[in-house]
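**Q** Model the structure of this input:
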Amino acid sequence: IASFLAAGSLAAFNYAYMVMLLPHGVFALSLATVTFPTMSAQFAEGKLDALRGTLANAVRVLAFLTMPAAVGMLVLRNELVATLFQLGKFDAADTQLVASALLYFALGLVSYALVEVLTRGFYALHDTRTPVLVAVVTVVINLGLAAYLALGAGMNQDGLALSLAVTTTLELVLLWVFLGRKLPGWSLAS
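**A** Numbers count the residues shown, from 1 in each chain. Down below sits the predicted model:
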């Protein structure tokens, strides 16, 4: 899809994605990596209440950390991009291309983060099938939505970023629902 976009769109998309990955990597990947062994041990020991609590705490902490990061990225996206990249041949027009895609990535940041932890929750329960099936469904939807938004609606890199944010949010909702069925009693109040 990206090969059919206007010149510079793919580069702008990639730069915006890199900016979004900074808080995602610092918060989501780190916390998911740290909590996974704990949740696995809790499941192996049959301590499902403790597992529910660990998962709920991880989700709350991630939401607490990524919501302000998402708002900051949303509000300060032009300044962030200009500070990080606007040097040499990267000019103000390039900053606008990247910042416009970053807007949509910022809207999906919380979803990107929470998907990491919920997926690890499934892995701790020895269920790799559900997250893979959910991911396949969301990838198929993402392909169609990205093609429509980026090419059909003419949104270029913004369409790709919006499509990823929407489908990742859908992935979050599906994982949340299926995890509730797999681990009855799980909620943020656990």
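**Q** so where does the most centrally placed residue in the chain fall, helix or strand?
**A** With distances taken as Cα atoms, centre = their mean, the chain has residue 112 as the residue nearest its mean C-alpha position (1.4 Å). Take DSSP states H and E as the rule and residue 112 turns out to sit in helix 92-124.
**Q** mean confidence for that helix?
**A** Per-residue pLDDT values over helix 92-124 give a mean of 97.
**Q** For it, name the packing helices and strands.
**A** helix 9-23, helix 30-44, helix 48-75, helix 77-85, helix 129-146, helix 156-182 (3 or more Cβ pairs under 8 Å, 6 or more residues apart in numbering; DSSP states H and E). For every residue, glycine as well, the C-beta is placed using N, CA and C.
**Q** Which positions within that helix qualify as buried?
**A** Within helix 92-124, the residues that qualify as buried by neighbour count (16 or more other Cβ atoms under 10 Å) are 94-95, 97-124.
**Q** tilt between that helix and helix 156-182?
**A** 20 degrees (axes from the mean of the first three to the mean of the last three Cα atoms, to 10 degrees).
**Q** got the angle between helix 92-124 and helix 48-75?
**A** With the same axes, to 10 degrees applied, the angle from helix 92-124 to helix 48-75 works out at 180 degrees.
**Q** Off-centre distance for helix 92-124?
**A** Mean C-alpha position of helix 92-124 versus that of the full chain (Cα atoms, centre = their mean, to the nearest Å) differs by 4 Å.
**Q** swap in stretch 9-18?
**A** Centre to centre, stretch against its chain (Cα atoms, centre = their mean), the figure for stretch 9-18 is 15 Å.
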